[in-house]
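Asks: kindly return the folded structure for what I paste below:
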Amino acid sequence: MEYKRIDNVIIARIDRGEEILKAISLIARAEDIKLANINALGALSEFTVGVYNVEKQQYFKNDFSGAYEIVSLTGSINTMDGKYYSHLHLCAADEKGQAFGGHLNRAVVSATCEMFIYLLNGTVDRFKDPLTGLNLFKF
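Replies: Numbers count the residues shown, from 1 in each chain. Predicted structure coming up:
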């Protein structure tokens with residue numbers, strides 16, 4: 001992985017075999033990011049995404065492996081209890097163009113991932129919401 005910061009934007013290249021969430025965490029910690037928006041595209045060899053069932057307050061995960069193109073990778077970096085926190089969603093398509101997606105748990109790059117991290121001034125922390133079981137924005 002390599003990245004470059006230009007003003008309030010970090011442009012990153014995540015390389016073959018690297019895991020995307022780990023790369024984001026490394027960048028966020030190195031740059032002391034407290035609030036940002038993420039957009040990316042690229043190619044994956046394997047990934048895990050989940051769908052949250054509010055009634056059961058549980059994620060149901062789906063694992064994929066093979067040749068996939070990232071159709072959309074979007075999300076946020078912020079904090080929970082003052083510490084690094086990220087929340088990302090991924091949609092990736094297979095060789096037939098069938099797309100699969102959800103809450104990103106893991107994604108391994110097969111060729112490259114080109115990512116833009118848009119830094120925002122300020123902070124937005126999170127709290128555990130007992131009604132939904134989710135970590136929501138706390139303003």
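
Asks: which other helices and strands does the longest strand seen in the chain contact?
Replies: Looking across the chain with DSSP state E, the single longest strand is strand 58-80. For strand 58-80, the packing partners by 3 or more CB pairs under 8 Å, 6 or more residues apart in numbering; DSSP states H and E come out as helix 20-30, strand 36-53, strand 83-93, strand 99-119, strand 125-128. From N, CA and C alone the C-beta is placed, and that goes for glycine too.

Asks: each with direction, which strands does the helix or strand following the last one pair with?
Replies: Using DSSP states H and E, the next helix or strand after strand 125-128 towards the C-terminus is strand 135-138. Based on DSSP bridges, the strands next to strand 135-138 in the sheet, each with its direction, are strand 125-128 (antiparallel).

Asks: for His87, give me its contacts.
Replies: The contact partners of His87, by CB atoms under 8 Å, 6 or more residues apart in numbering, come to 75-76, 78, 103, 135.

Asks: how about Asn62?
Replies: Applying CB under 8 Å, 6+ apart, the residues contacting Asn62 are 48-51, 100, 102.

Asks: for it, give its distance to Gly102.
Replies: 7 Å (CB to CB, to the nearest Å).

Asks: which residue is nearest the middle of the chain?
Replies: Leu88 (3.3 Å; CA atoms, centre = their mean).

Asks: by neighbour count, which of the contacts of His87 wins?
Replies: If you count neighbours using other CB atoms under 10 Å, the busiest of the contacts of His87 is Asn78, which has 23 neighbours.

Asks: now Pro39, which residues is it bridged with?
Replies: Not Pro; residue 39 is Asn. Note on Asn39: beta-bridge partners by DSSP bridges are Thr74, Phe116.

Asks: brain fart, Lys128
Replies: Under the criterion DSSP bridges, Lys128 forms beta bridges with Asn135.

Asks: isn't it right next to Asn135, touching?
Replies: Yes - checked against CB atoms under 8 Å, the pair Lys128 and Asn135 is within contact range at 5.7 Å.

Asks: help me confirm that Gly17 is found in a strand?
Replies: No - applying DSSP: H, G, I helix; E, B strand; the rest coil, one finds Gly17 to be coil, outside a strand.
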